[in-house]
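Novice: Would you be able to build a 3D model of this:
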Amino acid sequence: MVTFTPPADIRANSTLKAFLESCGASDYEALVERAIAEPEWFWPQILDHGGIRFQRPYEVLRDIADGPENIRWAIGGALNLTETLLDAHIDGGAGDKPAIDWAGGDGTRRVWSYADLVAETARVAGALAARDVKPGDTVGLYMPMIPETQAALLGIARLGAIAVPLFSGFAAQAIHARLQDAGACAVLTVDASPRRGRPVPMEATLAEALSDLPQVHTVISLRRFGGPAANPARDLDWQEVVGAASPEFPAQAVDASDPLMIAYTSGTTGRPKGVVHNHLGVQAKATVDFLLGLDMKREDRHLWMTDMGWVMGPLTLFSTLLAGATLVLAEGAPSTPDDPFRLLRIVAERGVTHTGVAPTLVRQFMTQDRSQLDDLDLSALRIVASTGEAWSEDAWQWHLEHICRNRAVPLNIAGGTELFGAILTSTVLHDIRPGGFTAQSLGVAAQVLRADGSEADPGEVGEPVVTQPPLGLTQTIWQDKPRYFETYWSAFPGKWRHGDWVRHDADGTWFIMGRSDDTLNIAGK
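Specialist: Numbering: from 1, shown residues only. Model prediction:
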């Protein structure tokens, strides 16, 4: 059996190894078992490791009296995630450290320090507040992957409002459906986004989507190309309103269970399904899956080319800032006709330590002239994560040899929007089989079940379920609790159904065999 063993120095210096030692766990599997047996012990360890700040301490960590489907977390606690993601680093003297290192499609580079990001975040919050956007209001985010987009999401959060990130490639109908469902009162956007050397309108597309949504009273648009406002009576210029706002805005405390964002899944039928996440859950899950699972440290540089409308956009931002690391942000495609290995060229040029790929992209790389790839210095890479679809063995071996260079650790993870992270993961402490997952994520208590609810044997295909809801697992669908219960909790009472077919082999490796709910999921979208 072919396996990859992570290098000894990476294993020895990993945050996960240090965390296991601090918890007194003999190995990862021992910690999995203790996390299941003692969740009231385990989750405070995670909150402490992530440095998660509370403005008001919680009184009760976890209440499961009404069943796992109605679990309550951090009762009485109040917080705002921007205090942990931003203020903590400023307080620690890291204001001058790069928070965002951006690569434009035309080669433009912009670097924002943590101090820059805090200031723009505050300006966004202040600009929205000045237009009567209040804590608990919903605000759409329809922007490409630029630094201002990251500040926009954080600014909405700092205000205590609820972000509604939208895929930057959506047409008007899809935007309309989601903003209508969310009841958005404001939207942050740009006039256009460059694609293949020309501006593609976004503000005009948004204007079409808002034609019969009068509850949206404010649109703030970043004018990258200097075009006129799509709706001069409503649309405001980012530079005039955000640029003029104060660079200081205090983080508004919200209850631990209050929404941070509504992440819409990519279903194609019926009313959009808005998955609700809160300020505490996203930080705890990012600590488990990224700081520990992907070995993310303060000195690291993380690039995962995605979109804010998919869960990986917010997850990449939050996890990188939680670690106090640098987010390497890239607008545009990971591969173009003129630059077929663009993602990896940016990795080489920016000294990226962590990157993410999808098997689809790797298969595309495999068709290109490899000489350009072979000339790239990828020696800084330590972790190459992947998600979204199953690997073929040839593609996995190719990326191990030509991207990981048989040193960086290929870590496959699987989860989804609802979990804000992983149910299955891989770690630097395990030997890795091609395309497999070496372990379950900490705190999920995963099982594989047959259709009758009995536990499957090793090597038998079944459905993965979460038997102990972790921090980070959504607790509702926006304004539709019955749909939440029916979708996730009805098939196996008391257990959360993930919607995949999986196999858990006797050696501990997991494999995803496909979707069990007939949901189309392409390249992680």
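
Novice: Tell me the confidence at Asn521?
Specialist: Model confidence at Asn521, expressed as pLDDT, equals 37.

Novice: Any chance you could list what contacts stretch 295-303?
Specialist: If you take CB atoms under 8 Å, 6 or more residues apart in numbering as the criterion, stretch 295-303 is touched by 10, 14-16, 101, 290, 316, 319-320, 323-330, 343, 346-347, 350-356, 380, 382-383, 409, 428. Using the backbone N, CA and C atoms, a C-beta is placed for each residue, glycine as well.

Novice: Using neighbour counts, pick out the buried residues of it.
Specialist: For stretch 295-303, the neighbour count (16 or more other CB atoms under 10 Å) marks 295-296, 300-303 as buried.

Novice: So which of those residues belong to helices?
Specialist: The helices, defined by DSSP state H, take in nothing from those.

Novice: Can you get me a residue count around the nearest residue to Ile64 once chain neighbours are set aside?
Specialist: What sits nearest to Ile64 in space, not counting adjacent residues and going by CB to CB, 6 or more residues apart in numbering, is Ile71, at 5.1 Å. The local packing of Ile71 (other CB atoms under 10 Å) involves 18 other residues.

Novice: With the one 3 residues further on instead?
Specialist: When neighbours are defined as other CB under 10 Å, Ala74 has 28 of them.

Novice: still on that earlier bit, and of the buried residues of stretch 295-303, the nearest to Ala233?
Specialist: Within these, distances to Ala233 taken as CB to CB reach their minimum at Leu303, with 39.9 Å.

Novice: how about the residue nearest to that closest one when sequence neighbours are not counted, what does it touch?
Specialist: Nearest in space to Leu303, with sequence neighbours left out and distances taken as CB to CB, 6+ apart, is Val328 at 3.9 Å. Counting by CB under 8 Å, 6+ apart, Val328 touches 101-103, 301-303, 346, 350, 352.

Novice: Looks to me like Glu29 is in a helix.
Specialist: Yes. Under DSSP: H, G, I helix; E, B strand; the rest coil, Glu29 falls within a helix.

Novice: Okay, now the unreliable bits of the chain?
Specialist: Scanning the chain for pLDDT under 70 picks out the ranges 1, 267-270, 515-525.

Novice: For the residue positioned nearest the centre of the chain, pull up the helix or strand it's in.
Specialist: Nearest to the geometric centre of the chain sits Leu315, at 1.8 Å (CA atoms, centre = their mean). Under the criterion of DSSP states H and E, Leu315 resides in helix 312-323.

Novice: other SSEs contacting that helix?
Specialist: Applying 3 or more CB pairs under 8 Å, 6 or more residues apart in numbering; DSSP states H and E, one finds that helix 312-323 contacts helix 147-159, strand 162-165, helix 279-286, strand 301-303, strand 326-330.

Novice: Tell me which of the ones you listed sits nearest to Phe225.
Specialist: Within the helices and strands packed on helix 312-323, the stretch nearest Phe225 is helix 147-159; the backing value is 14.2 Å (CB to CB).

Novice: centre of the chain versus the helix holding Leu315, how much separation?
Specialist: Counting by CA atoms, centre = their mean, to the nearest Å, helix 312-323 is centred 6 Å from the centre of its parent chain.
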